[in-house]
Structure formats: C-alpha cells, structure tokens
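Peer 1: With the input below, show me the fold.
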Amino acid sequence: AEYDPEWNETFSLIVSDSSEEVVVSLYDWDRVGRDEYIGSVHIPLVSLRGATAKEVKLTVFDEKLRPVHGHNKQPTLLTLFLSPRELPEKRAVVEEESL
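Peer 2: Numbering: from 1, shown residues only. Prediction:
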C-alpha cells in the first residue's frame, strides 16, 4: 500500500512511569468500510529523560515489523515534536484522584 497522509494533530499524555513506551498506531481512514492499519511506532520514554523539546523522526513499521514505504518508495516516517516536562507534584496528585 502507498501512503502520503498528514495528520497535524496535537495531543498531550500524562505518563506516570517513564520506563514504559508509547505506541502510536497509524490508520488510513476510509469513508466506506474499515479503516486500514498502516503501521506503528514505539517511543521509549526513557530516551526522553532530561530532554528538552525536540523533533524526532521515527520509521513506521507494519505488523510484521517491516518498514512501511510511501509513494516515493522511501520508508514512511512519523515526525513528532516532543516536549517532555515534569508536572508539579500537586497537579500529579489531582490527576491521579480524577481517574
């Protein structure tokens, strides 16, 4: 399959254990039928410890762990702008209580 999607989405995650990883799964939305799974990227949060805001490009892999290729036959990259930051202790407690 060939892809050239742009999501331009913004989201925030509150992470309580930075030794975990975040998995981002990508789908091609279809007006009719089921959305098609493109692939996923795994972001090890330990690699972000102590980091300031940065842009990272990650290769998208399919379910068989093969790189997904776009229309230009190049590996599909997911570009993320990551801005890790510590939450104030008080806010972290409020978030836990609201779960």
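
Peer 1: Can you tell me who the spatially most central residue of the chain pairs with across the strands?
Peer 2: Centre of the chain computed as the mean C-alpha position; nearest residue by Cα atoms, centre = their mean is residue 24, 3.7 Å away. Beta-bridge partners recorded for residue 24 (DSSP bridges): residue 41.

Peer 1: Contact partners for it?
Peer 2: By Cβ atoms under 8 Å, 6 or more residues apart in numbering, the residues touching residue 24 are 40-41, 43, 78, 80. Placement of C-beta: from N, CA and C, glycine included.

Peer 1: If any of those are buried, give me the PyMOL selection for them.
Peer 2: Here is the PyMOL command that selects the buried residues among the contacts of residue 24 (16 or more other Cβ atoms under 10 Å):
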select buried, resi 40+41+43+78
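
Peer 1: I'd like to know which of the contacts of residue 24 is nearest to residue 66.
Peer 2: Distances from residue 66 to these, taken as Cβ to Cβ, are shortest for residue 40 (12.0 Å).

Peer 1: quick one: contacts for the closest one?
Peer 2: The contact partners of residue 40, by Cβ under 8 Å, 6+ apart, come to 23-26, 60-61.

Peer 1: That's all I had, so thanks and see you.
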